[in-house]
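**Student:** no letters, just coordinates:
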């Protein structure tokens, strides 16, 4: 795929920040943008070469990480919020701590990161915000009430944000993957995964490389220019809106 347009003109490289970009879906998305010539900054809780460390649930950490990203690349054209947390418990047995941790990372973290880029994107009159939700934010999931609630919140917040900023050519959208073979899903019980595979029309989970092209589409020009507040679902058929 060749580089696509952006605020610097058609075919020019853009600057991309990917949270949770050190592994899983985030890493595949980061590699996809790099492959088409964009400059990518990875923000992640896990340290690594070239990675800016961040705890997306902490306002001070998010502010510091985005300041470091701007020092490195200047303006941020595209934000992909892929950082996430996944644990498992029936609601009846769920502790408030487990609930709060998931909401803090999977929903509040998306809000904090979006807030960092919206103003500058509006001033440059171009930006793309891509939030990774989940099909469970649409249909719910047994043992994943906290995760489902957070991901539903991401979809709702993204729609509201799109209404607020799209007139300034800042487009916010969601990707709601189905279960994907990533380290995030590794921590879920095998019983849950077996049952979920049996529900899927494809009878298999996806892999990160099958999700990344959706992010590239949403950020592309002209391919992504009419997506506003949408939720795209590479989900093995688990949700058919």
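**Tutor:** The structure has been received and is ready for your questions. Fair warning: this is a prediction, and the values are worked out from it, not measured in the lab.
**Student:** quick one, helices of the protein?
**Tutor:** All helices of the chain, identified by DSSP state H, fall at 24-35, 59-73, 96-103, 109-124, 136-139, 145-165, 183-186, 190-199, 212-219.
**Student:** what helices and strands are in contact with the second one?
**Tutor:** The criterion is 3 or more CB pairs under 8 Å, 6 or more residues apart in numbering; DSSP states H and E, and the helices and strands that helix 59-73 contacts are strand 15-19, strand 39-44, strand 52-53, helix 109-124. Placement of C-beta: from N, CA and C, glycine included.
**Student:** read off the pLDDT value for the residue nearest to residue 178 when sequence neighbours are not counted.
**Tutor:** Excluding its sequence neighbours, the residue lying closest to residue 178 (CB to CB, 6 or more residues apart in numbering) is residue 235, at 3.1 Å. Per-residue pLDDT puts residue 235 at 96.
**Student:** residue 235 contacts residue 196, correct?
**Tutor:** No. Using CB atoms under 8 Å, residue 235 makes no contact with residue 196, being 11.0 Å away.
**Student:** of the two, who's got more company?
**Tutor:** Shown here are residue 235 and residue 196; by other CB atoms under 10 Å, residue 235 has more neighbours (25 against 19).
**Student:** buried set for the least confident helix or strand in the chain by mean pLDDT?
**Tutor:** When the helices and strands of the chain are scored by mean pLDDT, DSSP states H and E, helix 183-186 comes last with a mean of 87. By neighbour count with 16 or more other CB atoms under 10 Å, helix 183-186 contains the buried residues residue 184.
**Student:** over to stretch 142-157?
**Tutor:** Result for stretch 142-157 [16+ other CB under 10 Å]: buried residues 143-155, 157.
**Student:** and that stretch, how far out from the chain's middle?
**Tutor:** 13 Å (CA atoms, centre = their mean, to the nearest Å).
**Student:** next one: stretch 149-163
**Tutor:** The answer for stretch 149-163 is 12 Å, by CA atoms, centre = their mean.
**Student:** again with stretch 193-206
**Tutor:** On CA atoms, centre = their mean, the centre of stretch 193-206 falls 22 Å from the chain's centre.
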